[in-house]
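K.L.:
quick one, fold the following:
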Amino acid sequence: MKNGSTDCQCISRRLVLTSTVLAFGAAATTTAISQAEAQQKISQEDAKYQGTPKGPQQCDGCINFQPPNACKFVEGEIKPSGWCQLFYPKT
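P.N.:
Residues are numbered from 1 along each chain as shown. Here you go, the predicted model:
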């Protein structure tokens, strides 16, 4: 023991820094998820949306389609039988 010290446990600098880094990492992850959820959708024009299917590809067969008439990435009303360049088939 050093002069004038007490029997209390000392917290290591490494433990404090590790805890701080983990806390900031969790906060950054939460912020990134919130920002992704708040992202604006793109216009139908930018997505090259059309109200008709492109061959066998149509919105209701796309993983991004949200029934009854929306898309995760394209703004506005989306027809189930429509299509855009963001089409990705459901598995």
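K.L.:
what's downstream of the worst-scoring helix or strand of the chain on mean pLDDT, the next helix or strand?
P.N.:
Sorted by mean pLDDT, DSSP states H and E, the helices and strands of the chain end with helix 13-37, the least confident at a mean of 55. Later in the chain than helix 13-37, the nearest helix or strand by DSSP states H and E is strand 65-66.
K.L.:
packing partners of that next one?
P.N.:
Contacting strand 65-66 under the criterion 3 or more CB pairs under 8 Å, 6 or more residues apart in numbering; DSSP states H and E is no other helix or strand. For every residue, glycine as well, the C-beta is placed using N, CA and C.
K.L.:
given that strand, what are its sheet partners and their directions?
P.N.:
With DSSP bridges as the test, strand 65-66 is paired with strand 70-71 (antiparallel).
K.L.:
what does the partner strand contact?
P.N.:
Contact with strand 70-71 is made by 41, 59, 62, 64-65, 77-78, 84, 86, as judged by CB atoms under 8 Å, 6 or more residues apart in numbering.
K.L.:
also stretch 50-64?
P.N.:
Contacts for stretch 50-64 (CB under 8 Å, 6+ apart): 65, 67, 71-74, 78-84, 86-91.
K.L.:
10 Å - rerun?
P.N.:
44, 47-49, 65-74, 77-91 (CB atoms under 10 Å, 6 or more residues apart in numbering).
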